[in-house]
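Q: Requesting a structural model of the entry that follows:
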Amino acid sequence: MKSIALRVACVWFVFSACGGDADSGATTTPFTTTNAQGSEAPMDRCLGDAFTDDFAVQSGGETVSGHILALASSDHGLVACGDGFFDVVGGGSATLGGTCSSIATDGDLAIVGLRGRGVALVDLGGPSVLGTADVGDVRGVAIRGTQAWAAAGSAGVVALDASGGLTSSGPLGSVADARGVAIDDAGLWVAAGDAGVALLDPASGSVIASAATDSRALGVRATDGGTLVLRGVFGWDVFEASGSALDRSASHETTGAVFDATVHDGEIITAEVHAIVRHGDEGPRFEERPRFGALDAPWLRSVASHDGELFVALGDEVASVDVASTSPAPDVMVDATTVYMWGDAGDRLESLVVIDNLGNAPLVVGSIEADAPFDFEVQGGGEPIDGCPDAFEVEPGGSLLLAVSYTPDDTSLVTGELTLHTNDPDEPQLVLTIDGNRGEPEIGDEATDFELITIEGDRFRLSDHLGKVVLVKLFNFGCKRCAEEFAQVEDDVMPGYSSADFVAVGVNTTHRTAFAGTLADEADLSLPLALDIDSSAFRFYRMPRKVFPLNAVVGRDGRLTHVDAEEGLASAQSAIDAAM
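A: Numbering: from 1, shown residues only. Here you go, the predicted model:
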């Protein structure tokens, strides 16, 4: 996963504002440029000419009433909603009776989906709430004129009349699990969970056409260039209606979790929690979330095209996105932002770091620096550059392998940084944290809070469950026993306690989010699986020399009562019983 080191030296400015083109003269001597904000950023002459940053989020936009969960365009401007609020951005706010999941607008009206509460109808001219309807747990909404529709999970698609307040006309059609809904000239598109995608007659509810998807359909967005079906951690598809058939014209995997998408200037833009991604002719472009690697880093959860501009939800801010002409560029990425090493005093420790180039132009790593007492050695994968013995070029699709090492002289924590200077316009500096000999979590300490998105697009915040005993089960793609142990949690542990006293959550600790979705499907899990995409939560709960399975038990008072890295659940079960 990418670091966000660019933001340290050049907060929210494109690369050309951070010193301009690098001098292409061949030398191994680093030099210093001054960026637009006056701070200094080390670069390297061996990097060659700088690439243009053609996709960059610009901070300093409008702030709304709280953390944004949905963003949409309307005739009255951008609109945003979150926990209890609905805002016309820069133009007033209305109070909602719940947490919003989705927004759809038409003219002066907006229909808002509410998690567990139904829907609300909003007059955008106020804004003010005109009415509500309790139709269940709504994940997606659509509106045309005074007719509206809600995707209400197991309640199916619910038709709504918005001509005088808001009233429910009852279920529409026979979709058993409605996760999202959108309207266009072809009909009413429905993301139907495991059943895939369906196109309904918006008046009668009869099925015009349907198609299977490779994984559960969680959302749908109707656009002029085809209908986007969002599949969360597994990616997204483009479908087009053709008579009584739905044709899938494209299918895409994801490096994160796709929970929103829009079309801007003919290109598809996806919001994938850890990044927004621009899908153009020159391949995908990633713009990472700020403060990457921090537990309080805002999600890039929702995106909207409005009046010829692109906007993204960034915490409680609506930020604009600069979209310039595309051209080939390198794209540096690493699996995690922290390198962990534990061992006995006097033993040389080593950890392998893989630097990938996911772009479509050669990546140049111009120089590498490691804080003492850490050291590194390039072990292969990149080609040395003539005249620049400390610089390496990595072809598109290739990797550079670094061995990071150190020899501890005692058992105390040592922390440093590994810094790479690159020609990636988003990552002129890529900074990784190195942790050596960090101790085990201390029993009795206040558990580190975290707020993560689940594979279903919900929020899981540890502090929301004070007063309950919480089992936090951390895992990643290397955990071969995880599916079996999660099934035991759901079948054997959870039934022994009431939901008022106990909650279990799985935490996937890398960007390989599809593994979490596969695990949930194979084990048929209902417990939440949260996405710790940059391993920021894992950093506080891990144990020296042990990785997965990793179980932490948090008591009713929010303090850590147990942590283990054992196979099986016997120790965790005993800790849960003791904490009750």
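
Q: Could I get the contacting residues of the residue nearest the centre of the chain?
A: Closest residue to the average C-alpha location of the chain: V273 at 1.9 Å, with Cα atoms, centre = their mean. If a contact means Cβ atoms under 8 Å, 6 or more residues apart in numbering, then V273 has G256, A257, F259, R289, W299, L300, R301, I453, L531, I533 as its contacts. Just so you know, the C-beta spots here come from the backbone N, C-alpha and C atoms, and that holds for glycine as well.

Q: so it bridges to which residues?
A: For V273, the residues forming beta bridges with it (DSSP bridges) are L300.

Q: Same check on T419?
A: Residues in beta-bridge contact with T419 (DSSP bridges): E369, V431.

Q: What is the neighbour count of it?
A: Applying other Cβ atoms under 10 Å, we find 17 residues neighbouring T419.

Q: Report the contact partners of it.
A: Contact criterion Cβ under 8 Å, 6+ apart gives A5, I368, E369, A370, Q429, L430, V431, L432 as the residues in contact with T419.

Q: List just the nearest of those residues to V489.
A: Distances from the contacts of T419 to V489 were compared by Cβ to Cβ; the smallest belongs to L432, at 32.6 Å.

Q: you'd agree that closest one is up against V339?
A: Yes - shown here, L432 and V339 form a contact pair, counting by Cβ atoms under 8 Å, at 5.8 Å.

Q: Spell out which residues are contacts of both of the two.
A: Residues touching both L432 and V339 by Cβ under 8 Å, 6+ apart: V353, L418.

Q: Tell me which stretches of the chain form helices.
A: For the chain, helices defined by DSSP state H occupy the ranges 6-9, 482-488, 514-523, 538-541, 570-579.

Q: so which of those helices gets nearest T213?
A: Put simply, out of the helices of the chain the one that sits nearest T213 is helix 514-523, at 12.6 Å, with distance taken as Cβ to Cβ.

Q: Of the contacts of V273, which belong to strands?
A: By the criterion of DSSP state E, membership of the contacts of V273 in strands covers L300, R301, I453, L531.

Q: what would these look like in TSV with distance to F392?
A: Conversion of the ones in strands among the contacts of V273 to TSV gives the following (distance: Cβ to Cβ, whole Å):
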residue	distance to F392
L300	30
R301	36
I453	35
L531	32
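
Q: in stretch 73-82, what counts as buried?
A: Burial within stretch 73-82, assessed by neighbour count using 16 or more other Cβ atoms under 10 Å, is assigned to S73, S74, H76, G77, L78, V79, A80, C81, G82.

Q: Which elements pack onto the longest strand seen in the chain?
A: In the chain, with assignment by DSSP E, the single longest strand is strand 93-106. In terms of contact count using 3 or more Cβ pairs under 8 Å, 6 or more residues apart in numbering; DSSP states H and E, strand 93-106 is assigned the packing partners strand 68-72, strand 79-88, strand 109-114, strand 118-123, strand 128-133, strand 140-144.

Q: pLDDT below threshold where in the chain?
A: In the predicted model of the chain, residues 1-45, 544-545 satisfy pLDDT under 70.

Q: per-domain residue ranges of it.
A: As assigned by automatic domain parsing, the chain contains the domains 6-53+331-436, 57-323, 451-579.

Q: any chance of the ones in strands among the contacts of V273 in CSV, plus neighbour count?
A: Written out in CSV, the entries for the ones in strands among the contacts of V273 read as follows (neighbours: other Cβ atoms under 10 Å):
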residue, neighbour count
L300, 27
R301, 26
I453, 23
L531, 28
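
Q: and stretch 170-189, which residues are buried?
A: For stretch 170-189, burial by neighbour count (16+ other Cβ under 10 Å) applies to 171-173, 175, 177-184, 186-189.

Q: same check, this time on stretch 103-123
A: Along stretch 103-123, the positions that meet the burial threshold by neighbour count (16+ other Cβ under 10 Å) are 103-106, 109-115, 117-122.
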